[in-house]
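Visitor: One predicted model, sequence on top.
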Amino acid sequence: MLFTWHLVDGTSFTSLEEGKMQDFLVGDKQVCLLRKADVVFAFAATCPHAGARFCDGWLDAQGRLVCPLHKYRFDPANGRNTSGEGYKLKTYPVEIREDYIYIGL
Ligand code: FES
């Protein structure tokens, strides 16, 4: 898959609060970032079901995203809809270069 790396303005790896989802405009896309330990996940900021904002949601005990509107769950690493409704969350590749975060779009 071909993509272009984009620097995420307004944050860095060390300034991302672990376990908290935050939206950023990257290129022309609104992207949600989530840091878990040494890994940063990037995925679409809105739910593929009916467009709720993931930043208003939370993580369950297994580390899956829980949509705040209808509580569907998604794996932040691959976008799989783990609660079984058949939706797919768009995810993006992430690279950490020094302390900067780059997203592949
Ligand atoms: S809008 Fe996310 S589960 Fe319905």
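Guide: Alright, I've got the coordinates.
Visitor: hang on, residue 55 in a helix?
Guide: Yes: counting by DSSP: H, G, I helix; E, B strand; the rest coil, residue 55 is found in a helix.
Visitor: ok, for it, nearest residue in space, not its chain neighbours?
Guide: Taking Cβ to Cβ, 6 or more residues apart in numbering, and ignoring the residues beside it in sequence, residue 55 has residue 21 as its nearest neighbour in space, at 4.7 Å. Just so you know, the C-beta spots here come from the backbone N, C-alpha and C atoms, and that holds for glycine as well.
Visitor: And that neighbour, what's its pLDDT?
Guide: Reported pLDDT at residue 21 in the predicted model: 95.
Visitor: Report the separation between it and the ligand.
Guide: For residue 21, the distance to the ligand equals 13 Å [Cβ to the nearest ligand atom, to the nearest Å].
Visitor: isn't that residue right next to residue 54, touching?
Guide: Yes: with contact defined as Cβ atoms under 8 Å, residue 21 and residue 54 form a contacting pair (5.5 Å).
Visitor: shared neighbours of the two, which are they?
Guide: 32, 65 (Cβ atoms under 8 Å, 6 or more residues apart in numbering).
Visitor: next SSE after the lengthiest strand in the chain?
Guide: With secondary structure taken from DSSP state E, the chain has its longest strand at strand 29-36. Toward the C-terminus, strand 29-36 is succeeded by strand 39-44 as the next helix or strand (DSSP states H and E).
Visitor: Report the backbone C-alpha coordinates of that next one in PDB.
Guide: The C-alpha trace of strand 39-44 is given here as PDB (Å, rounded to 0.1, in the frame of the first residue of the first chain):
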ATOM      1  CA  VAL A  39       3.000   2.000  21.000                       C
ATOM      2  CA  VAL A  40       0.900   4.700  19.400                       C
ATOM      3  CA  PHE A  41      -2.200   3.700  17.400                       C
ATOM      4  CA  ALA A  42      -3.800   6.000  14.800                       C
ATOM      5  CA  PHE A  43      -7.300   5.500  13.500                       C
ATOM      6  CA  ALA A  44     -10.300   7.500  12.100                       C
END
